[in-house]
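Q: With the sequence up front, the predicted model follows.
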Amino acid sequence: MFQNILKHIDLLETNKDTILDMWMDYKIVQSKLTHNTMDITFFRDKFATKVFEFAISVVKSENKTGDCPVIGVMLMLFKKKNIPLSDIFMICVHFKNALLHFASHNKILDDATLNEISILMDYNFEGVINEYVLIYYKDSLSKRIFSPISSPIQKIPVQNKQATQTIEIESELIQEHHATSATLYLQEVDVNMEMIEELNELESDTLDTIDAQETLDQESLDDSSNLFRKYAAVLNEMYEFEELAYTLTLLADVLNEVDFTEITEETKFMVDIYLKAIISDLQSWRMSIFITMEAENIHYLDKTLLSSIAQIQMALMPQVDNDEDEIEFF
C-alpha cells in the first residue's frame, strides 16, 4: 500500500531525529504544547518518537493504520490536562507537514509519494480523533444518554431533529466493542502461567515497601518501577494487551527519571495513593483474568488503569511555565 514510501524507508529511519526536530520546531506546535503546560522534550521523547516508529512500522506492513498503542496513552494524558481536540489536531497535523517538508527537501516528493504520506497520516489522524472523542466525552455522554436500567439505544428527550441526530451519533460512539471473556481468551492463547504467578510476589513486596514508609520514598519508586516493567514484559507476550504494556513501560520510565529531591510533599502524597491504587487494580485484574477467569471482559480495567497512570505521569512530568507573552506564533 505504501510502496513509494517504502523505497525511501532507510532514508526516513536514518533521519528520524531530523524529522522529529522539524516537527517540534514548528512554532504552532511549541505554542500548543506550552499553552497546555506540556513539556516539549517530554512529548518528543515519550510520544512523538513512538508515533514516528509506529508510522514506519505501518509502511513496512508490520502494523495497521490507526492501531498505535501509544495513542491511547497519549490521549489519556491529554484528557487529564483538558487539551482541546483542536490543539491535538494542530500538533498531530504538523507531523504530516514535517514528513512532507523532509521529503521535499530530499527531492523524493513526487505525486505518488505525496499521496501515500497523506493517506498514512490522515488515517492515523482519524484514529486519533475517534479515540479522543471516546476517551474525552464517554463519561459525560454516558450520563446524558444512559440510565442504570436503560438499553444502549435509549435516547434522552431533545428539542429538535438536529439534536436528536447528534445524540444518536454520540450513543453509537460510546458503545463498547464486543467483550471477550477471560475464559474464552485463555482458550485461544497460550499464556506462560509461571510468569503470571511471579507477579503475585512482586505485587505484595512492592505494596509492603510502600506501606512501610509514612511518605513516598525512593525505594518505593524503584520497586514500583521494577514491578511495572515486569508486568509490561509479561503483557508484551500477549497482543491483546499491547497498549497497557506500553503504558506501564512509560510509567516505569517516568518513575525512574524523576528527581525525587524535587518532588513536593503534596505530590508524594498523591503519587503514593495512585501507586497503591494501580498495583491493587493490577492484582484484581490479574486474578480475575488468569486465575479465577471470572472477568466477562478482559479489558474491563483498561481505561481505569490508563487514567490512574496518566494522573501520575501528569504529576511527575517536567513543569512548564505558561507565559503567553513569551510565545512566538509567527
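A: Thanks, I have the structure now.
Q: for residue 107, helix, strand, or coil?
A: coil (DSSP: H, G, I helix; E, B strand; the rest coil).
Q: confidence score at it?
A: Listed pLDDT for residue 107 reads 94.
Q: mind checking how far it is from residue 56?
A: Between residue 107 and residue 56 the distance, using CB to CB, to the nearest Å, works out to 20 Å. Every C-beta, even on glycine, is put in place using the N, C-alpha and C of the backbone.
Q: More neighbours: which of these two?
A: residue 56 (18 against 7; other CB atoms under 10 Å).
Q: Which neighbouring residues are in contact with residue 87, exactly?
A: If you count contacts by CB atoms under 8 Å, 6 or more residues apart in numbering, residue 87 has them with 32, 35-36.
Q: immediately after the stretch of helix or strand it belongs to, which helix or strand?
A: Assigned by DSSP states H and E, residue 87 belongs to helix 85-105. Next in sequence after helix 85-105, counting helices and strands by DSSP H and E, comes helix 111-145.
Q: Packing partners of that following helix?
A: helix 3-6, helix 49-59, helix 69-80, helix 85-105, helix 161-174 (3 or more CB pairs under 8 Å, 6 or more residues apart in numbering; DSSP states H and E).
Q: Can you list the buried residues in the helix holding residue 87?
A: 87-88, 90-96, 98-103 (16 or more other CB atoms under 10 Å).
Q: Check stretch 252-267 too.
A: Per 16+ other CB under 10 Å, stretch 252-267 contains these buried residues: 252-255, 258, 263.
Q: With respect to residue 124, which of those residues is nearest?
A: For the buried residues of stretch 252-267, the minimum distance to residue 124 (CB to CB) is 23.3 Å, reached by residue 253.
Q: Pretty sure that closest one sits against residue 47.
A: No. The pair residue 253 / residue 47 is not scored as a contact, 11.9 Å apart, by CB atoms under 8 Å.
Q: low-confidence ranges in the stretch 151-300 of the chain?
A: 151-178 (pLDDT under 70).
Q: nope, the stretch 1-150 of the chain is what I was after
A: 66-67, 69, 136-150.
Q: one step back: just the buried residues of stretch 252-267: which are in helices?
A: When DSSP state H is applied, the buried residues of stretch 252-267 are split such that 252-255 fall in helices.
Q: Looking at those residues, spot the one nearest residue 302.
A: Closest approach to residue 302 among these (CB to CB): residue 252, at 17.7 Å.
Q: so who does that closest one touch?
A: 224-226, 228-229, 232.
Q: try 10 Å this time
A: 221, 224-232 (CB atoms under 10 Å, 6 or more residues apart in numbering).
Q: and if you look at residue 47?
A: Per CB under 10 Å, 6+ apart, neighbours of residue 47: 38, 70-71, 73-75, 77-78, 91, 250.
Q: Can you go through these and name the buried ones?
A: Looks like the contacts of residue 47 have 38, 70-71, 73-75, 77-78, 91, 250 buried, using 16+ other CB under 10 Å.
Q: Using a markdown table, lay out the contacts of residue 252 together with distance to residue 123 and neighbour count.
A: Shown next, in a markdown table, are those (distance: CB to CB, whole Å; neighbours: other CB atoms under 10 Å):
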| residue | distance to residue 123 | neighbour count |
| --- | --- | --- |
| 221 | 39 | 24 |
| 224 | 36 | 26 |
| 225 | 35 | 21 |
| 226 | 37 | 16 |
| 227 | 36 | 24 |
| 228 | 31 | 28 |
| 229 | 32 | 18 |
| 230 | 34 | 18 |
| 231 | 31 | 27 |
| 232 | 27 | 20 |
